[in-house]
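**Q** Dropping the sequence and predicted coords here.
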Amino acid sequence: MSLGFARERPIVGMVHLDALPGAPGFDGDRAGIREAALRDARRLEAGGVDAILVENFGDAPFYADDVPKHVVASMAALGRDLRRETDLPLGVNVLRNDAEAAIAVAAAADADFVRVNVHTSARLTDQGVVEGRAAETLRLRDRLDADVSILADVDVKHSASLAERPLGEEVAELVERGLADGLVASGSGTGEEASLDHVSDVARARDELDADAPLFVGSGVTRKTVAETLGVADGAIVGTALKEGDETTAPVDESRVRSLVDAKE
């Protein structure tokens, strides 16, 4: 249940891109975006993470599910730069929920996996109602002949369910009908700790299906909680806790990366 990662219980480190061209926060420095992304990737790899996940974090406010072509172009170019910079598995997340763009970028950049925030069903978000498009996402992956795994969120952060549903039903929908390769359980927002009870419930629902889909915790993991978290989940996606001063938009701090990786044992 490792999705090809070299070690068990992998730590996936985040590369949060600065605002890309076309976004309100873009400062005109295209080279600076690339340099910051490569710097963070180098520090993550040197600190011992098992994979890297890049996303257009600086592009708020986000498009709901269809980013402009220039965003796809920028992320594909940056993805190729990251691919050349590191031999680690590389993932792509195109916010808010453009799974087809993520697959396209991953295929162009020779990445290994994507994260899809809403893969099936629908969620209420600050972009309005966001609907999963699993049918389109998987068919595009086939058409592009892309060897790319799909990590799908359960009860994704920064959103609310449109109707109460049993957790087991949602998990079954993702892995049996949505054909997700892995699952992600998170807290309520970026950097917010995921309840271990919730993570355990997702793991139990997955196990009851006898599904070979690794479960990652997608937010709030810290040096203090990583060992306990990985006693329940199969891996963790970590961003804020690896940054200088615990600031999500700050540069990666290599010493914090190494400290968290060491603490998982």
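**A** It's in.

**Q** Quick check: end-to-end length of stretch 106-116?
**A** 12 Å (C-alpha to C-alpha, to the nearest Å).

**Q** quick one: average confidence on it?
**A** Mean pLDDT, stretch 106-116: 97.

**Q** in that stretch, what's buried?
**A** By neighbour count with 16 or more other C-beta atoms under 10 Å, stretch 106-116 contains the buried residues 106-109, 111-116. In short, each C-beta sits where N, CA and C put it, glycine included.

**Q** Pull up the distance across stretch 18-32, start to finish.
**A** Terminal residues of stretch 18-32 lie 9 Å apart, using C-alpha to C-alpha.

**Q** Please renumber the chain so that the first residue is 335 from this point on.
**A** OK, 335 is where the count begins now, so the last one is stretch 352-366.

**Q** quick one on the thing from earlier: which one of the buried residues of stretch 440-450 sits closest to residue 424?
**A** residue 445 (4.2 Å; C-beta to C-beta).

**Q** Mind checking which of the buried residues of stretch 440-450 are in strands?
**A** Judged by DSSP state E, the subset of the buried residues of stretch 440-450 located in strands is 447-450.

**Q** from these, which two are the most distant?
**A** The farthest-apart pair in these, when distances are taken by C-beta to C-beta, is 447 and 450, at 10.1 Å.

**Q** residues bridging contact with those two, i.e. touching both?
**A** Shared contacts of residue 447 and residue 450, defined by C-beta atoms under 8 Å, 6 or more residues apart in numbering, comprise 484-485.

**Q** centre of the chain versus the strand or helix carrying residue 469, how much separation?
**A** Following DSSP states H and E, the helix or strand that holds residue 469 is helix 468-477. Put simply, helix 468-477 sits 18 Å off its chain's centre (C-alpha atoms, centre = their mean, to the nearest Å).

**Q** any idea which helix or strand comes after it?
**A** Immediately after helix 468-477, counting by DSSP H and E, sits strand 483-488.

**Q** quick one: contacts of that following strand?
**A** 337-338, 425, 433, 446-454, 471-472, 475, 501, 504-505, 508, 512-520, 536, 550, 552.

**Q** And for stretch 538-549?
**A** Against stretch 538-549 from outside (C-beta under 8 Å, 6+ apart): 335-337, 501-502, 505-506, 508-510, 514-519, 533, 536-537, 567-569.

**Q** All the helices of the protein, residue numbers only.
**A** 364-381, 403-419, 433-443, 468-477, 501-506, 530-542, 560-563, 588-597 (DSSP state H).

**Q** can you tell which of these is closest to residue 343?
**A** helix 560-563 (9.2 Å).

**Q** which residues are in contact with the closest one?
**A** 345, 528, 530, 533, 551, 555, 570, 572, 594, 597-599.

**Q** at 7 Å what do you get?
**A** Contact partners of helix 560-563, identified using C-beta atoms under 7 Å, 6 or more residues apart in numbering, comprise 530, 551, 555, 570, 594, 597-598.

**Q** so which pair among the residues you listed is furthest apart in space?
**A** Across those (C-beta to C-beta), the longest gap, 17.1 Å, separates 530 and 594.

**Q** So which of these two has more stuff around it?
**A** residue 594 (25 against 16; other C-beta atoms under 10 Å).

**Q** Count the residues that sit near the residue nearest to residue 376 when sequence neighbours are not counted.
**A** The shortest distance from residue 376 to any non-neighbouring residue, by C-beta to C-beta, 6 or more residues apart in numbering, is to residue 419 (6.6 Å). Other residues near residue 419 come to 16 when the count uses other C-beta under 10 Å.
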